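> generate a structure from the sequence data that follows.
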Amino acid sequence: MNSGIRKCGMMAVAASLAAIAAEAKRPDIAAFYFPDYHADPINERVHGEGWTEWDIVKAARPRFEGHQQPRVPAWGYEDESDPKVMEKKIDCAAKYGVDCFIFDWYWYDGLPFLEGCLNRGFLKAANRDRLKFCLMWANHDWSNMPIFLNGETPKLMTVDMTDADFDAACDHIVRDYFTQPNYYTVDGKPYFSFFEPNQLLRNFGGRFQQPAGVKRRLDRFRAKAKAAGFPGIHFNCIVNTWMLLPGGNSSKGVPKGLKELGFDSATTYTTVHHSPLKPVAKNDYNEAVDFYLDYLDRAVREFNVPYFPNASVGWDPSPRTMPTDRWTASHGSPWGGTLWDNTPKNFKRFLSLIKERCDRLGDKAPALLTVNSWNEWTETSYLEPDTIYGYGYLEAIREVFGVK
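Coordinates of the predicted model:
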């Protein structure tokens, strides 16, 4: 009798969980896109005509036993600013359940950087309506690459922004991107993200880096969007616990004050921003995932704005170093640890664990899941097919979340 009651109770719980999962809102899947695989005039002045980050990918070499470098794209070393090339990317992304590209976007000394991919490629693609897009302002200094282990990392460009420079960038964004019919929105508001909140505090927070200065600038940005007919801007902030860019700054301590800074939500650029890597070559992917999931649970509970989960394919920035460099201890990024065993099977496990959390939240599930990334080849975290796993990472997204 008790066994039967217990069995019925378990069946009822299972049915209840299944009902919650069935009603759960599928998040939009947005993959970060790193647009340095086309020729840009600023890069060409430093590296020579036709240089792209594909040159770094090709030059990558194994640094220790079993190290899988270089990685080779299954599609070859294509020019992303060619609309025909971008059409293939868009079709592939849509086919496997990616809904949006979040383009890393750059602005230095009053001028955009690496916009050719978006302007000449994505926005000129005949099938661009199959995919949404939005921008993440990568407001960090730009280091020349490849980077030497011994010696100071040369800075190609730095983020020292004036009010006038900020206003010019915002005018350009509202006029040329927010008005595009397939720009991604949340509640009708264009979604726009910032990579380094601490950089905003240094630029606009005043002598004591007070949040009021940042909020005033974001309010001005919102006002420009409203003047163009939008209900506002959904400002998203990238948060991290460990900074993994040379000369970067951790946003640790900022998250609980995001609303005061003027942000509407937060997310993460890469899982390892919250997963401490041992200062050795190999770090277990599943262990890093579990570290991040603990962080995710805390962020959902503690942040004063919604936190959108992130799933990263992997981490190995060694291609950004000189091919002759060798190291046995961490010297900071990009000479630190790498993630190993980040197979499509383990990536699928990661996605499934995130989906379970989203399902439990029901109608309070996050609107967005960010993925690192579509094409971070020199950080070895990409969804694009390669010669090792083919379309395996993309298949994992479709198998877990389906296609809208």
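> pLDDT below threshold where in the stretch 151-300 of the chain?
For the stretch 151-300 of the chain, the stretches with pLDDT under 70 are 151-154, 156, 207-208, 241-256, 280.
> and the strands in it?
155-157, 185-186, 189-194, 234-238, 265-267, 282-284 (DSSP state E, counting those that start in this stretch).
> mind checking which of those strands is nearest residue 225?
Between residue 225 and the strands of the stretch 151-300 of the chain, the shortest gap by CB to CB is with strand 189-194, which sits at 6.4 Å. From N, CA and C alone the C-beta is placed, and that goes for glycine too.
> roughly how far apart are residue 166 and residue 197?
15 Å (CB to CB, to the nearest Å).
> which one's more surrounded, the two?
Set residue 166 next to residue 197 and count neighbours by other CB atoms under 10 Å: residue 197 wins out with 26 against 19.
> hang on, the more buried one packs against residue 237?
Yes. Using CB atoms under 8 Å, residue 197 is in contact with residue 237, at 5.3 Å.
> tabulate the strands of the stretch 151-300 of the chain in a markdown table, adding columns for distance to residue 27 and mean neighbour count.
Compiled in a markdown table, those are given as follows (distance: least, CB to CB, whole Å; neighbours: other CB atoms under 10 Å):
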| stretch | distance to residue 27 | mean neighbour count |
| --- | --- | --- |
| strand 155-157 | 34 | 15 |
| strand 185-186 | 12 | 17 |
| strand 189-194 | 13 | 24 |
| strand 234-238 | 14 | 23 |
| strand 265-267 | 11 | 22 |
| strand 282-284 | 26 | 18 |
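> could I get the ones you listed as a markdown table with distance to residue 369?
Shown next, in a markdown table, are those (distance: least, CB to CB, whole Å):
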| stretch | distance to residue 369 |
| --- | --- |
| strand 155-157 | 31 |
| strand 185-186 | 13 |
| strand 189-194 | 13 |
| strand 234-238 | 13 |
| strand 265-267 | 9 |
| strand 282-284 | 23 |
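> ok, the closest residue to residue 317 other than its chain neighbours to residue 138 distance?
Distances taken as CB to CB, 6 or more residues apart in numbering put residue 334 closest to residue 317, at 3.5 Å, once the chain neighbours are dropped. To residue 138, residue 334 is 16 Å away according to CB to CB.
> same check, this time on residue 368
18 Å.
> helices and strands around the top strand by length along the chain, which ones?
Counting by DSSP state E, the longest strand found in the chain is strand 100-108. Applying 3 or more CB pairs under 8 Å, 6 or more residues apart in numbering; DSSP states H and E, we find strand 100-108 packed against strand 28-33, strand 111-113, strand 132-137, helix 163-173.
> residue 221 is nearest to which of these?
Closest among the helices and strands packed on strand 100-108, using CB to CB: helix 163-173, at 4.7 Å.
> export that closest one as CSV, just CAs?
Output of helix 163-173 as CSV, limited to C-alpha atoms (Å, rounded to 0.1, in the frame of the first residue of the first chain):
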residue,chain,number,x,y,z
ASP,A,163,31.8,62.9,-23.6
ALA,A,164,31.9,64.1,-27.2
ASP,A,165,33.4,60.8,-28.3
PHE,A,166,30.7,58.8,-26.4
ASP,A,167,28.0,60.9,-27.9
ALA,A,168,29.3,60.4,-31.5
ALA,A,169,29.5,56.7,-31.0
CYS,A,170,25.9,56.6,-29.6
ASP,A,171,24.6,58.7,-32.5
HIS,A,172,26.2,56.2,-35.0
ILE,A,173,24.8,53.2,-33.2
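> who touches it?
Identification of contacts with helix 163-173 by CB atoms under 8 Å, 6 or more residues apart in numbering yields 105, 107, 109-110, 112, 135, 137, 192, 203-204, 217, 220-221, 224.
> buried subset of those residues?
By neighbour count, with 16 or more other CB atoms under 10 Å, the contacts of helix 163-173 hold 105, 107, 112, 135, 137, 192, 203-204, 217, 221, 224 as buried.
> among these, which two are most distant?
112 and 204 (19.7 Å).
> gap between the longest strand of the chain and the chain center?
The chain centre lies 10 Å from the centre of strand 100-108; the measure is CA atoms, centre = their mean, to the nearest Å.
> and residue 75, how many residues sit next to it?
Other residues lying near residue 75 total 13 when counted by other CB under 10 Å.
> from residue 50, how far out is it?
19 Å.
> repeat that for residue 360.
Taking CB to CB, one finds residue 360 at 50 Å from residue 50.
> contacting residues for residue 346?
Shown in contact with residue 346 (CB under 8 Å, 6+ apart): 285-286, 289.
> got the helices and strands packed on strand 100-108 as JSON lines, with distance to residue 364 columns?
Formatted as JSON lines, the helices and strands packed on strand 100-108 follow (distance: least, CB to CB, whole Å):
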{"stretch": "strand 28-33", "distance to residue 364": "16"}
{"stretch": "strand 111-113", "distance to residue 364": "37"}
{"stretch": "strand 132-137", "distance to residue 364": "22"}
{"stretch": "helix 163-173", "distance to residue 364": "30"}
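> closest to residue 90 out of those?
Among the helices and strands packed on strand 100-108, the nearest to residue 90 by CB to CB is strand 132-137 (9.6 Å).
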